[in-house]
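> Return atomic coordinates for the entry below.
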Amino acid sequence: MDSHIARQPILDNKKNLYGYELLFRDGSQNAMPDGMDGDTATSQLLSSSFFTIGIDTLTNGKYAFINFTEKLITQGIPRLFPCNRTIIEVLETVPATQEVITALTAARAQGYIVALDDYVFNSTSAPLLQVADIIKVDLMATPVREVKALAKMATERGITLLAEKVETKKSFEWVKNLGFSLFQGYFFCRPEIISGKEIPAESLTLLKLMAELHQPDADLHAIEALISRDVAITFKLLCHLNSAWYGLKRPISSLIEALRMLGLDEIRRLVGLIAMSRITSKAPRELLRLSAVRGRLCELASHHCTMDTEASEFFALGIFSLIDTILNRPMVEVMTHLPLPPTTISALTRGEGPMAPFLQFINAFEHGEWEDMSQVAQRIRLPEARIGGIITDTLIWAGNIPI
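Below is the predicted model of the structure:
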């Protein structure tokens, strides 16, 4: 059974990555298959995804927050996965029965962390507090008074608070002051524009290098001339090439030899990511990782479409899609400094043109909005059967890049 996997980052109060919530769906119908109950389907999806891809690849070695139903919890299914990577997320629909409490107590005794999803405190749900390590609070669905009450109650009990759907810096600061220490949402993807701030000269140079690399008429010798101007990029590129990931029989010390071996497309990706890692040195690290995933997802999706556009342009589209947040400058301003194709600039600045649907595609992926993803796939003529493989390949690739 083909499956779709999305992941939503969870950050700590310093905006460092703590883990991901993993979201699963059947890829062929965007729903559970006919004749299969939800528990069986979820078990198969989890087993297939984890054992095929690997939990470390999915989460970059961080925690995986996974939703479990009542039946799966009482059957001990969460304990099939490593306790140092898995956080058992108890759905709000799971009743606080003695069987559930007993199963979660046993899991915690083995080192598992238990999180209560969209928890609402009342006499019925109260028993779950005795097995809770984390309480997740949906800021969009929970009234302010209840958020404050839950924060006070959790703090008194020593339970970690996780705020969901944190979409703005203001919300982030508010719940952080209430005692929340984990945050899930796209507040860190939104630019905090600072009036009068200029883009640093070094960042502009690196951005222009990245843009030049993605020109359709670029060749290896022209790229070598561009890269060789930056000793730090050359050094990191050669170090990565000589790492165990490539398994070379002899070390490579020549830049042109490295370029010939890797090929134009791989060089564009690697040098772009290395340059971006320097630009994002003061931004949350997850922004760089997310930019990389966006670039690769767009690129792989373009391989299966009928558009007559270089795949490297789609990678550039994805990796530059968060550059306004990274630099805290309006996207329109950043684009004035970059020699990118008009179709790329139109998609990034106005959400228009033939490349814009690819940005909608990656946005739907990040939010786990499978129906939207399927609809966009139809618009760009991407076969739905390819989506699951594209996501899997992207996450595997993202786990092995030098960032």
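
> what bits of this protein have low per-residue confidence?
When residues are selected by pLDDT under 70, those of the chain lie in 1-4, 25-53, 192-197, 244-246, 402-403.

> go again using 50 as the cut-off
Regions of the chain meeting the criterion pLDDT under 50 cover residues 1, 27-36.

> what domains does the record give for it?
3-189, 201-398 (automatic domain parsing).

> With mean neighbour count as new columns, can the ones you listed be given to me in a markdown table?
Glycine gets a C-beta too; all of them are placed from N, C-alpha and C. Output for the domains of the chain, formatted as a markdown table (neighbours: other CB atoms under 10 Å):
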| stretch | mean neighbour count |
| --- | --- |
| domain 3-189 | 17 |
| domain 201-398 | 18 |
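
> Excluding chain neighbours, give the residue nearest to the most centrally placed residue in the chain in space.
When CA atoms, centre = their mean is applied to the chain, the residue found nearest the centroid is L290 (4.9 Å). Spatially, and ignoring its direct neighbours in sequence, L290 is nearest to L322 (6.5 Å; CB to CB, 6 or more residues apart in numbering).

> list the contacts for the one you found?
Counting by CB atoms under 8 Å, 6 or more residues apart in numbering, L322 makes contact with 189, 287, 290-291, 294.

> next one: phi and psi at it?
With angles defined as degrees, to the nearest 10, L322 sits at phi -110, psi 10.

> From L288, how far out is it?
Noted for L322: a distance of 9 Å to L288, by CB to CB, to the nearest Å.

> contacting residues for L11?
17-18, 182-184, 188, 284, 286.

> what do you get if the cut-off is 7 Å, keeping everything else the same?
17-18, 183, 188, 284, 286 (CB atoms under 7 Å, 6 or more residues apart in numbering).

> Out of these, which sit inside helices?
E286 (DSSP state H).

> As CSV, the contacts of L11 with distance to G247 would be great.
Putting these into CSV (distance: CB to CB, whole Å) gives the following:
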residue, distance to G247
L17, 28
Y18, 32
F183, 39
F188, 36
P284, 32
E286, 29
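
> now for the contacts of L11, which pair is the farthest apart?
Across the contacts of L11, the longest distance by CB to CB is 12.4 Å; it joins Y18 and F188.

> Just confirm I199 contacts I326, I think it does.
No: here I199 does not reach I326: they are 10.3 Å apart, not a contact under CB atoms under 7 Å.

> in the stretch 201-350 of the chain, which spans are helices?
Per DSSP state H, counting those that start in this stretch, the stretch 201-350 of the chain carries helices over the ranges 201-213, 220-227, 231-241, 255-262, 264-279, 285-303, 311-319, 323-327, 331-335, 342-350.

> Need the residues that contact the strand or helix carrying V114.
Assigned by DSSP states H and E, V114 belongs to strand 113-116. With contacts defined as CB under 7 Å, 6+ apart, strand 113-116 is touched by 65, 87-90, 104, 107-108, 128, 131-136, 162.

> Listing partners with orientation, what would you give for it?
Partner strands for strand 113-116, per DSSP bridges, with pairing direction: strand 86-90 (parallel), strand 134-138 (parallel).

> Let me have those in CSV, adding distance to R79 as columns.
Shown next, in CSV, are these (distance: least, CB to CB, whole Å):
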stretch, distance to R79
strand 86-90, 9
strand 134-138, 18
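
> before we move on, the earlier item: alpha carbons of the strand holding V114, as PDB, please.
Output in PDB follows, covering the C-alpha atoms of strand 113-116 (Å, rounded to 0.1, in the frame of the first residue of the first chain):
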ATOM      1  CA  ILE A 113       7.000   9.800  26.400                       C
ATOM      2  CA  VAL A 114       3.200  10.400  26.300                       C
ATOM      3  CA  ALA A 115       1.600  13.400  24.800                       C
ATOM      4  CA  LEU A 116      -2.100  14.300  25.000                       C
END
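
> ok, so of the contacts of L322, who is nearest L273?
Distances from L273 to the contacts of L322, taken by CB to CB, are shortest for S291, at 8.2 Å.

> looking at it, that closest one is touching M276, isn't it?
Yes: if you go by CB under 7 Å, S291 and M276 touch, sitting 6.2 Å apart.

> so what sits against both of those two?
Joint contacts of S291 and M276 (CB under 7 Å, 6+ apart) are I319.

> Just the angle for the host helix or strand of R145 relative to strand 134-138, thanks.
Element membership of R145, judged by DSSP H and E, is helix 144-157. Helix 144-157 and strand 134-138 are oriented at 170 degrees to each other (axes from the mean of the first three to the mean of the last three CA atoms, to 10 degrees).

> what about I401, neighbour count?
By the criterion of other CB atoms under 10 Å, I401 has 18 neighbours.

> got a list of what it touches?
Taking CB under 7 Å, 6+ apart, one finds 273, 292 in contact with I401.

> Nearest residue to L178 in space, ignoring adjacent ones along the chain?
Nearest to L178 is A151, by CB to CB, 6+ apart, at 4.2 Å.

> show me what contacts the one you found?
Contacts of A151 (CB under 7 Å, 6+ apart): 161, 178-180.

> Mark which of those are part of strands, please.
L161 (DSSP state E).

> Make TSV from the contacts of A151 and add distance to Q8 to it.
Conversion of the contacts of A151 to TSV gives the following (distance: CB to CB, whole Å):
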residue	distance to Q8
L161	17
L178	21
G179	22
F180	16
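
> quick one: which of the contacts of A151 is nearest to V147?
L178 (7.1 Å).

> mind checking how far the residue of the chain most remote from its centre is from V147?
Most distant residue from the mean C-alpha position of the chain: S123, 36.7 Å away (CA atoms, centre = their mean). Distance from S123 to V147, counting by CB to CB: 20 Å.

> Next: P354.
43 Å.

> same deal with A141?
Distance from A141 to V147, by CB to CB: 10 Å.

> now do E366
24 Å.

> Check I88 too.
23 Å.

> what does K15 give?
K15 is 21 Å from V147, by CB to CB.

> do the same with L262
50 Å.

> And Q8, its phi and psi?
phi -120, psi 120.

> now the strands for the stretch 51-200 of the chain?
With strands called from DSSP state E, counting those that start in this stretch, the stretch 51-200 of the chain shows them at 63-68, 86-90, 113-116, 134-138, 160-164, 182-184.
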